[in-house]
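Student: Kindly generate the corresponding structure for this input.
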Amino acid sequence: MALTSTFADCATVLERCKLVSMIKRPSRSPRTLSVTSPARVSLLTCGFTLATLTVATLNTPVAAASTDPDCPREHSEAFRALCDLGETTPTSAPSSGGSGGSGGGIGDAFSSFFDSYGALLFFGGLIAFIVWVIIAARRESAEEKAQKAAGELARGRALAEQHHLEQVQRAHAEAAAQVPDRSVYDPHGVGLAAPPMPAPKVPPAPPTSPTDLARYAAFSSVVPWVEGSALAAVTAPDGDRSKAHAAFAEAVRTVGLGTTDEAGNFIPDATLASVNAFLDGSGDVEFVVRTRDITIGEKELAKVTHYLLLTARVASAGNWEREVETGRYMLRLSMNAKAAQQQEQVQEPKETGPRIDPRWA
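Tutor: Down below sits the predicted model:
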């Protein structure tokens, strides 16, 4: 019905345009209407619409329908031929060599393709999108890690430069302090020249390899690397403290300083909060420990010390000391065996009462 009505409207417009052109046929002149004039545009639009509807009719089930009783017959011969064409059942073209396809043609081919492979294409596209997101996230993560590493190296270099600058200034100040006072070299004020200032003993600049710079940034200070020291035993050259955390956790677990939950997981009562390095050239380190509550103190942590020497592979340890401001406990570890003699040992208190003669006991 809709196609027939559209055909009728377009045919009426074509007939009227034809009559107008026959009655008022203008002579050829420069004033002839151009292709873009409204009349030409309407004519071309109707022709294009008519051709499109014809092609659509031949490729739709409407072409195979029976004679439409609503198709008017009082129009021109061209329109009646068009109606007869719409009522004629199209013959199927051969499978090869023809421009048109059987059935719905290209539309049916696309529809059949998407019916068969639509789900596969959808899931394939979804998987490709997920893979792209993962790759992009990893790429961003790698870029963030690279930027963070570059920032740490820059921070370590700044620390090294600042440390060397302070050493140079200190060396010049010490050299200038060795110059005697004027009352010493010119006591009578006759204008004797001051003795030359001794050359300052400037220490060499600290090493600035990427590993050293990473260690400086990790400790927020220029920490020298001493082979065979406690620092080398519990940390890595780049400042990584994984070995220190593992050693303390193993010592606490061995002593049993903690509880076990229903799943069998050990919950320690003391954890390693940080590791500090001493800058006196000894290579000693300081363990800073955070306890679960105030019931865990020096007495409980002293049980961990012996096993910590074994797990951390150091020679000696000092005494646990509590930091009043934070409530944390600190312990110094060293490779100096003599320092073990300074470790406080728990001794039984001596009797201070009157001496008793064993003969009367």
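
Student: need the strands for the chain, in chain order.
Tutor: Listed in chain order, the strands of the chain (DSSP state E) span 258-260, 266-268, 270-277, 285-291, 316-317, 321-322, 329-334.

Student: could I get those as TSV with mean neighbour count, distance to Ala160 and mean pLDDT?
Tutor: C-beta coordinates here come from the backbone N, C-alpha and C atoms, glycine included. Shown next, in TSV, are the strands of the chain (neighbours: other C-beta atoms under 10 Å; distance: least, C-beta to C-beta, whole Å; pLDDT from 0 to 100):
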stretch	mean neighbour count	distance to Ala160	mean pLDDT
strand 258-260	13	40	92
strand 266-268	14	36	94
strand 270-277	19	15	95
strand 285-291	20	20	96
strand 316-317	22	30	94
strand 321-322	14	31	94
strand 329-334	22	26	96
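
Student: closest one to Val168 among those?
Tutor: strand 270-277 (22.8 Å; C-beta to C-beta).

Student: Name every strand pairing with that closest one and say which way it goes.
Tutor: For strand 270-277, the paired strands and their directions (DSSP bridges) read strand 285-291 (antiparallel).

Student: now the angle from the partner strand to strand 329-334?
Tutor: 150 degrees (axes from the mean of the first three to the mean of the last three C-alpha atoms, to 10 degrees).

Student: quick one on the thing from earlier: now the strands of the chain in JSON lines, with distance to Pro206?
Tutor: Formatted as JSON lines, the strands of the chain follow (distance: least, C-beta to C-beta, whole Å):
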{"stretch": "strand 258-260", "distance to Pro206": "40"}
{"stretch": "strand 266-268", "distance to Pro206": "37"}
{"stretch": "strand 270-277", "distance to Pro206": "14"}
{"stretch": "strand 285-291", "distance to Pro206": "19"}
{"stretch": "strand 316-317", "distance to Pro206": "28"}
{"stretch": "strand 321-322", "distance to Pro206": "30"}
{"stretch": "strand 329-334", "distance to Pro206": "23"}
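
Student: Low-confidence stretches in the stretch 101-250 of the chain?
Tutor: 101-105, 107-111, 113-116, 118 (pLDDT under 70).

Student: And the helices in it?
Tutor: 106-177, 182-185, 210-219, 230-234, 242-255 (DSSP state H, counting those that start in this stretch).

Student: Return the most buried member of these.
Tutor: helix 230-234 (a mean of 24; mean count of other C-beta atoms under 10 Å).

Student: and it, what does it pack onto?
Tutor: Here helix 230-234 touches helix 242-255, strand 285-291, helix 298-312, strand 329-334, going by 3 or more C-beta pairs under 8 Å, 6 or more residues apart in numbering; DSSP states H and E.

Student: Would you mind measuring from Ala142 to Gly124?
Tutor: Going from Ala142 to Gly124 by C-beta to C-beta, to the nearest Å gives 27 Å.

Student: ok, and the closest non-adjacent residue to Thr208?
Tutor: Ala160 (5.5 Å; C-beta to C-beta, 6 or more residues apart in numbering).
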